[in-house]
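**Student:** what follows is a predicted protein model with its sequence.
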Amino acid sequence: MGWNLIRLYAVLVYLFMFLPVAVVVLLSFNASQFGAFPMTGFSMRWFVALWENDAVMRAFRTSLLLGLLCALISTTLGILASLALVRYRIPGRNLITTVLIAPILVPEVVLAVSLLLFLNFIGIGKSFLMLLAGHVIFTLPFVILVVQARLVGIRRDVEEAALSLGASPRQTFFSVTLPLLMPAVAAGALFAFTISFDNITGTLFWKPGGVETVPTQIFAMLRHSISPEINALGTVMIVLTVGLPLLGASLARWLSMKRGV
Amino acid sequence: MGAVNLSDVVKRFGDFTAVHRMSLEIPEGSFLTLLGPSGCGKTTTLRMIAGLLDPSEGDIDINGRRVNDLPIHKRNLGLVFQNYALFPHKTVAENVAFGLRYRNVSRADIARRVQEALELVRLPHLASRYPAALSGGQQQRIALARAVVIEPDVLLLDEPLSALDANLREEMRVELKNIQKRIGVTSVFVTHDQSEALAMSDQVVVMSEGRIEQVGAPQEVYNTPASEFVARFLGAANILPAEARGIEGETMVLDVPGLPRLGIPRSRAPRLAGAGAARLVIRAEKLALTPVDAPADDRVSVPAMVEAVDYQGQSARYFLRIGEGENTHQVQAINMIDERPFAEGEAVSVRVRPRDCAALPLGTANGGGGSAA
């Protein structure tokens, strides 16, 4: 009896969380003019409308570029930072780790405002670069956490073996360390991309005038009306931000299964 | 001039000195073992030869060339680790080929040499497997193949057998030694296991607390230990306080309190110049227990009382009390069992050949490990 109540409760919680998402996805295929029930038929018209909406496509391209650059920079910096923190004795190592991880803990708005004020103070105005820098700060902790955890598990003697066999430190990194690190690097890059692609708070503060990302574009569109196009856009975002990491994770699992590592 | 030379090498970590002014010559083609308990500086020494640690002072030469400032990847070394350290993302063949890729070896030659190296360790059929699919012993043989395929100037082995289980360890010990002999590579082997050291080495370097206690052939360090530390570290030894009375011809005469006077061959007391305080060293397996009424022979015999028996199947370890009055000593003897072991509380006579005893001066410079056991 008690257990059944708990089960029911759990089901209700999940419904509460995911039903709205399901509704958005469902309604994005609605043929009706209005983004509401009842559904009048199955149609891809809102996806076509999205495709033909220049503002949305521009925002989409901006988000994509931003996400990819952010993932690239965050992952590169994250690998370098992790290597330094794990493989070398650096004075103040704990402090540096804390500072690098801090953006996860600080409320996003606070971080957004302070970065804006700081960059204004040193005379750098709003720009795409600033937006990118902000996103990198947000995503770097995730990359570092994932990569560090993996790096700790890569035995130093494997690298020493490569060195003893004649590989220079750089060759050792590219032929041994990086391949072994790859699952974490891929996971970190996916994290960085999806977090950047999703981000709205910081983006609202940092984006230069006239530049919209997908989330800020949705936000702007919602101010006029609730168009079914937004449902379609929501569906695309869900596919991207949920589907990509799932794909990445299963790819990583498949790769490591194949090697039996 | 050896293939590897260490001269006055010192390694400090902050205030701690891991290796004290160490000099060592490792002859071309020989198998040298650094033996000692953990923390004695043996691994530090190996890592300095490898180039994974920089000496704080002193020089390291490999084949007549000073390598202090040569990074590890330019030293042409083979390195074998306790935990195999194979590349988990590469197949066995790729692992073995790794070092050749950085040595301008043609593709065809790489394939041939990898095949030869795998045949050397008798695992050619595993070439396309990944390391995770291999047993510990197989992984260590692949690691050995990977290290020797590059024809290193020196092969460095850092406790390579310690991670294997007991039976496999002894099998690998023989195989490793055979391979080393066959390719004739100068080898430095680090271990804390005295039986590995005695079984495999041309030269054993016994180390303690960052210092060399003794360098010598296995039989030499076993039979004539240079210090109490060496005597205790290699096998079970009885060390008794003694007074050297002087040399009579080829015999060194010693008195141990409570026991009859003993004369041992001078060759067994090379570090004793004449009269003075000394230590008598007798290996536990050289002390033989006999019934009290057994006929006399060429051995020295003293009465003893069995205090405890540690039964081990084909042999037994006896703890005995010998000596008279105030001057009694506890000694241990390891004997094969004939019919039945002697019993606790039994009176026996314990015998030893004088040539199976050794003597050390008390408190020599390298005899610092007096209380270490």
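**Tutor:** Arrived safely, thanks for sending. Numbering: from 1, shown residues only, chains lettered A, B, ... in the order given.
**Student:** now the stretch 151-300 of chain B against chain A: closest residue?
**Tutor:** B:L156 (7.9 Å; CB to the nearest CB). Bear in mind the C-beta positions are built from the backbone N, C-alpha and C, glycine included.
**Student:** ok, for B:Q194, nearest residue in space, not its chain neighbours?
**Tutor:** In this structure, B:Q194 finds its nearest non-sequential neighbour in B:L234, 4.9 Å apart by CB to CB, 6 or more residues apart in numbering or on different chains.
**Student:** any idea which element the residue lying closest to A:T241 once chain neighbours are set aside lies in?
**Tutor:** When the adjacent residues along the chain are set aside, A:T241 lies closest to A:T194, with 4.5 Å between them (CB to CB, 6+ apart). Using DSSP states H and E, A:T194 maps to helix A:178-198.
**Student:** quick check: buried residues in that helix?
**Tutor:** For helix A:178-198, a neighbour-count test (16 or more other CB atoms under 10 Å in any protein chain shown) marks A:180-181, A:183-198 as buried.
**Student:** right, and B:R317 touches B:I334 too?
**Tutor:** Yes. In this structure, B:R317 is within contact of B:I334 by CB atoms under 8 Å, at 5.1 Å.
**Student:** give the residues shared as contacts by these two.
**Tutor:** Common contacts of B:R317 and B:I334 (CB atoms under 8 Å, 6 or more residues apart in numbering or on different chains): B:A236, B:A284.
**Student:** can you tell me the helix or strand for the residue most central in space within chain B?
**Tutor:** In chain B, the centroid-proximal residue (CA atoms, centre = their mean) is B:A197; its distance is 3.3 Å. Assessed by DSSP H and E, B:A197 sits inside helix B:194-200.
**Student:** cool, A:L119 as well?
**Tutor:** Assessed by DSSP H and E, A:L119 sits inside helix A:108-121.
**Student:** now B:A358
**Tutor:** strand B:357-361.
**Student:** how about the residues of chain B near chain A?
**Tutor:** By the rule CB under 8 Å from any CB of the partner chain, the part of chain B lying against chain A is B:50, B:52, B:71-79, B:81, B:83, B:85-89, B:98-99, B:102-103, B:130, B:132-133, B:143, B:146-147, B:150, B:156.
**Student:** that older thread, other SSEs contacting the helix holding A:L119?
**Tutor:** helix A:128-152, helix A:201-206 (3 or more CB pairs under 8 Å, 6 or more residues apart in numbering or on different chains; DSSP states H and E).
**Student:** other residues contacting that helix?
**Tutor:** A:103, A:125-126, A:130, A:133-134, A:137-138, A:201-202, A:204-206.
**Student:** ok, so of the residues you listed, who is nearest chain B?
**Tutor:** For the contacts of helix A:108-121, the nearest to chain B is A:F138 (31.3 Å; CB to the nearest CB).
**Student:** got any ranges where the stretch 1-150 of chain B has weak pLDDT?
**Tutor:** Applying pLDDT under 70 to the stretch 1-150 of chain B picks out residues B:1.
**Student:** which other helices and strands contact the helix holding B:A197?
**Tutor:** Here helix B:194-200 touches strand B:31-35, helix B:166-183, strand B:186-191, helix B:218-223, going by 3+ CB pairs under 8 Å, 6+ apart.
**Student:** swap the cut-off to 7 Å and go again
**Tutor:** strand B:31-35, helix B:166-183 (3 or more CB pairs under 7 Å, 6 or more residues apart in numbering or on different chains; DSSP states H and E).
**Student:** show me what B:V206 is bridged to.
**Tutor:** Beta-bridge partners of B:V206, counted by DSSP bridges, are B:L35, B:Q214.
**Student:** and it, how many neighbours?
**Tutor:** 28 (other CB atoms under 10 Å in any protein chain shown).
**Student:** wait, what's in contact with it?
**Tutor:** Counting by CB atoms under 7 Å, 6 or more residues apart in numbering or on different chains, B:V206 touches B:L35, B:G36, B:E213, B:Q214, B:V221, B:V230, B:F233.
**Student:** quick check: the farthest pair among those residues?
**Tutor:** Across the contacts of B:V206, no pair lies farther apart than B:G36 and B:V221, at 11.8 Å, counting by CB to CB.
**Student:** check contacts around whatever residue of the stretch 1-150 of chain A ends up closest to chain B.
**Tutor:** Across the stretch 1-150 of chain A, no residue is closer to chain B than A:R89, which sits at 11.4 Å (CB to the nearest CB). Contacts for A:R89 (CB under 7 Å, 6+ apart) come out as none.
**Student:** shouldn't it be within a helix?
**Tutor:** No. The assignment for A:R89, made by DSSP: H, G, I helix; E, B strand; the rest coil, is coil rather than a helix.
**Student:** residues in a beta bridge with B:R351, which ones?
**Tutor:** Bridge pairing for B:R351 - DSSP bridges - gives B:A288, B:S301.
**Student:** tell me the spacing between it and chain A.
**Tutor:** 50 Å (CB to the nearest CB, to the nearest Å).
**Student:** anything in the strand or helix carrying A:L85 near chain B?
**Tutor:** According to DSSP H and E, A:L85 maps onto helix A:54-87. No. Under the criterion of CB under 7 Å from any CB of the partner chain, helix A:54-87 makes no contact with chain B; the nearest approach is 13.2 Å.
**Student:** this completes my enquiry, with thanks.
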